[in-house]
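Asker: let me see the structure of the following:
(chains A and B)
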Amino acid sequence: MIALWIGLELTLYGMGLVFLLLAVLWGLIALVTRFEPEPRRVAGAWDAAVAATATAQASVQAADAGALDPELLAAILIACRAHRMSRRKQAAPEMRTHQPGTLPSRWVATGRTRQNRSWAPGGRFA
Amino acid sequence: MGSDALGLLMAGLSNLTPGAAVMIAVGGLLIYLAIAKEYEPVLLLPIGAGAILANLPLSPLVGPDGLLSILYRVGVGNEMFPLLIFIGIGAMTDFGPLLENPRLMLLGAAGQFGIFGTLMLALALGFTLNQAASIGIIGAIDGPTSIYVSSRLAPELLGPITVCAYSYMSLVPLIQPPIMRWLTSRRERAIRMPYTQREIGKRTRVLFPIVVTIVVGSLVPMATPLIGMLMLGNLMKESGVVERLTGASSKEIANVVTLFLGLAVGSTMRAEAFLTVSTLKILGLGILAFALDTAAGLVFAKGLNLFSRGRFNPLLGAAGISAFPMAARVVNRVGLEEDFDNFLLMHAMGANTAGQVASVVAGGVLLALLGAS
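Answerer: The predicted structure follows:
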């Protein structure tokens, strides 16, 4: 009984210390990454809309002026762009832009590794 | 030919004990698992070979000046081999996913509950405190940490603990999924977590190992050897200026040391020390340690999901262990079973690397709490 009590005490202190230490590390890492240079800004929604409208107008003029309303085409372009951004956020497979032989991102690298190697011993669950 | 000469020739067979024969069979089983099932072959094969060589009758390899005895003294008895392996692990690990999302660090902490839960169970089964702590460290799911801690606290249990830690580690894809399905609902497993790759600059990547070493080493000095070597390897990798050292640490040194470590650990599996009821208990407790780690991580992640109003996939809790990258791949796989388009891999990688750091910290904390010197 005394041994169990000691074990319980060790568990409380041990888990408490592990959580405390890792929480401190979390805070420090967050602090360090906070001073990282800002990533390149993506154009805002308004800029995207203006760019899409310009592209649509140019393509309509280049093709058939009567085929599609430039505003409708711009809306379609924006919708496509939003869908693409959403799929990119989900890291969907079709967003992989790196071709075989190029230096891939971590995501692409892990995806390729997963395709090439079975995750379970003997390939039973591959 | 005299009867003396015949006796000398037959000395091997006449000294073969049933226990030694069983241990040779155990060594053969480990080699089978390594070759046929590919269960951690890099370590199980040398361990199996070491067990066979150590149990052959009158084996000079385990005599006072035998190769296996020397390897044990210079590398395991003074904890050098596990620490050298840690340099290699650090040089091979990319902590990027963790740096992108540092809150995942807490999942690594929750994933260490198996250590302390198993410690209590071992105490209940009658092991001494030091032995119980050594058995508990199997729950770190980290081979070198298990060897380091148990060689300091209970060297007599080193053989079964190491075999247990490494052989069960390869069974993570079989042990974890049923617990994951049992503790989470379909809806929880299908929660999507958008991932946006965030650029982590070189400055942060270089600062990370330095900060971790200083903080952990200052707060838990007993963890300094483990965390120091792990982070040294990572610092060499991220600095990019010592590619030869990084390459040597992660390839040549790691390979040579792994071979020596496997043989030395295998040599501790002598019949008289290994074939005991304690070994059976350790094998059972080892499985429980893995299960407790997974369950604690899942329960903690369910709590995080509650706080984030249903935006945190609880499966990630199961990745907060040190088995890298297997645990992350298992989490991703179970997530994909529910939703074919749900990619949890990078989040799980972050939790998995947190588990690596946490297991080392937990090992140091355990040594500190038990007053190991």
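
Asker: how about low-confidence regions in the stretch 1-150 of chain B?
Answerer: The stretch 1-150 of chain B contains residues with pLDDT under 70 at B:1-2.

Asker: which parts of it sit against chain A?
Answerer: Neighbours of chain A within the stretch 1-150 of chain B, by Cβ under 8 Å from any Cβ of the partner chain: B:37-39, B:94, B:96-99, B:102-103, B:105-106, B:108-110, B:112-113, B:115-117, B:119-120, B:123-124, B:129, B:132-133. No exception for glycine: its C-beta is placed from N, CA and C like everyone else's.

Asker: and the strand or helix carrying A:Ala74, what's buried?
Answerer: Taking DSSP states H and E as the definition, A:Ala74 sits inside helix A:70-89. Judged by neighbour count (16 or more other Cβ atoms under 10 Å in any protein chain shown), helix A:70-89 contains these buried residues: A:Pro70, A:Leu73, A:Ala74, A:Leu77, A:Ile78, A:Arg88.

Asker: cool, and stretch B:293-306?
Answerer: Under the neighbour-count criterion of 16+ other Cβ under 10 Å, stretch B:293-306 has B:Asp293, B:Thr294, B:Ala295, B:Ala296, B:Gly297, B:Leu298, B:Phe300, B:Ala301, B:Lys302, B:Leu304, B:Asn305 buried.

Asker: could I get those in JSON lines, plus columns for distance to B:Ala140, pLDDT and secondary structure?
Answerer: Below are those laid out as JSON lines (distance: Cβ to Cβ, whole Å; pLDDT from 0 to 100; DSSP: H, G, I helix; E, B strand; the rest coil):
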{"residue": "B:Asp293", "distance to B:Ala140": "8", "pLDDT": "94", "secondary structure": "helix"}
{"residue": "B:Thr294", "distance to B:Ala140": "13", "pLDDT": "95", "secondary structure": "helix"}
{"residue": "B:Ala295", "distance to B:Ala140": "16", "pLDDT": "96", "secondary structure": "helix"}
{"residue": "B:Ala296", "distance to B:Ala140": "13", "pLDDT": "96", "secondary structure": "helix"}
{"residue": "B:Gly297", "distance to B:Ala140": "13", "pLDDT": "95", "secondary structure": "helix"}
{"residue": "B:Leu298", "distance to B:Ala140": "18", "pLDDT": "96", "secondary structure": "helix"}
{"residue": "B:Phe300", "distance to B:Ala140": "17", "pLDDT": "96", "secondary structure": "helix"}
{"residue": "B:Ala301", "distance to B:Ala140": "19", "pLDDT": "95", "secondary structure": "helix"}
{"residue": "B:Lys302", "distance to B:Ala140": "22", "pLDDT": "95", "secondary structure": "helix"}
{"residue": "B:Leu304", "distance to B:Ala140": "22", "pLDDT": "94", "secondary structure": "helix"}
{"residue": "B:Asn305", "distance to B:Ala140": "25", "pLDDT": "93", "secondary structure": "helix"}
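
Asker: surely A:Leu21 meets B:Leu219?
Answerer: Yes. Counting by Cβ atoms under 8 Å, A:Leu21 touches B:Leu219, with 5.9 Å between them.
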